[in-house]
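S.K.: Sequence and computational prediction follow.
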Amino acid sequence: MPSRSFAAGPSRLFASLSPLRLKRSVAGASAGGHPDRAARVVAALPAYQVALWPDGWELGAGGEVAVRDTHAMAEARRWYVLADRGAGAPCMNRTMRLYGTFVPRPVVALAGQRFASECVASVAVQLVAGEWITERRQQLLEAPDEAMRARALGWTGSRHNAELNTETMTACIIQVIADCRREGIIPAAGFDLKLRPDDGFGIRGYRCLITVDLDSSERARFREAIQTALVPWNRAVVRDGAAHPLVKVEVRARR
């Protein structure tokens, strides 16, 4: 993710953004909006995708599966932390079901795991939460077209790395700005960069604040260029029916 990822040169970098190299599931792209077709897709989903719906996996080029946090998993993790502190641990699962936040603890614990294939991933989740996966699939089948629309909102950049940290993210953004300048996409104005972790919803993200000597319309174009250039390293998660990038860019005027 740091600057060495740009070794191919800025021209080839921005050429790779059209079309954007985003990894979407075949299921998310094939539902077509027709309820019957969506229902068939949902019914045929591998177990791991049902367990990690709508955006909790990344399917690699070699068929390997990386497990990512979903908003539901992050929310469930907070409940389990409370349970481990003794706050109603015996009835926590029932309480979570009442609030619609239940995800089995073994599924939550899979975040960060990698499996050699879709089959291996499905066997793993079936072993730890088979009955819940059956329930979850039935829930998705009750509104399959809505389920597929939700899945289509999520995406993972082709160079996304689960081990993001402030240093590597800062290096990436600085390099992106430098390459955008060389390409003439943004003006060569002085800027200051502040990056802070954003864990407000339980999934690690970053808020990137750039202050720059540009007028309002130029700042808007600056922000759009940087946010777009970060797509191969970024990820969007689905929360409350909307897509939320984990790396968010804000551009302000220098005072």
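M.R.: Now that the structure is in, tell me what you want to look at. Numbering: from 1, shown residues only.
S.K.: Let me know the helix or strand that the spatially closest residue to residue 229 that is not a sequence neighbour is in.
M.R.: Once flanking residues are discounted, residue 229 sits nearest to residue 176: 4.7 Å by Cβ to Cβ, 6 or more residues apart in numbering. (Glycine included, C-beta is placed from N, CA and C.) Using DSSP states H and E, residue 176 falls within helix 166-182.
S.K.: The closest residue to residue 198 other than its chain neighbours: neighbour count?
M.R.: Once flanking residues are discounted, residue 198 sits nearest to residue 205: 4.4 Å by Cβ to Cβ, 6+ apart. By other Cβ atoms under 10 Å, the residues close to residue 205 number 20.
S.K.: What distance do you get for residue 205 to residue 188?
M.R.: Plainly put, residue 205 is 29 Å away from residue 188 if you go by Cβ to Cβ, to the nearest Å.
S.K.: for residue 209, same thing?
M.R.: For residue 209 relative to residue 188 (Cβ to Cβ), the value is 20 Å.
S.K.: Relative to residue 147, how far out is residue 49?
M.R.: 11 Å.
S.K.: And residue 101, by the same measure?
M.R.: 18 Å.
S.K.: Just give the nearest non-adjacent residue to residue 116, would you?
M.R.: Nearest residue to residue 116 in three dimensions, chain neighbours excluded: residue 64, at 5.9 Å (Cβ to Cβ, 6+ apart).
S.K.: Who are the contact partners of the one you found?
M.R.: The contact partners of residue 64, taken as Cβ atoms under 8 Å, 6 or more residues apart in numbering, are 114, 115, 116, 117.
S.K.: Quick check: pLDDT value at the first one.
M.R.: Put plainly, it is residue 114. The score at residue 114 is 95. That number is its pLDDT.
S.K.: so it makes contact with residue 62?
M.R.: No. Look at residue 114 against residue 62 with Cβ atoms under 8 Å: they stay out of range, at 11.1 Å.
S.K.: mind listing the strands in the stretch 101-250 of the chain by residue range?
M.R.: Applying DSSP state E, counting those that start in this stretch to the stretch 101-250 of the chain gives strands spanning 114-115, 155-157, 191-198, 205-212, 235-239, 242-245, 247-253.
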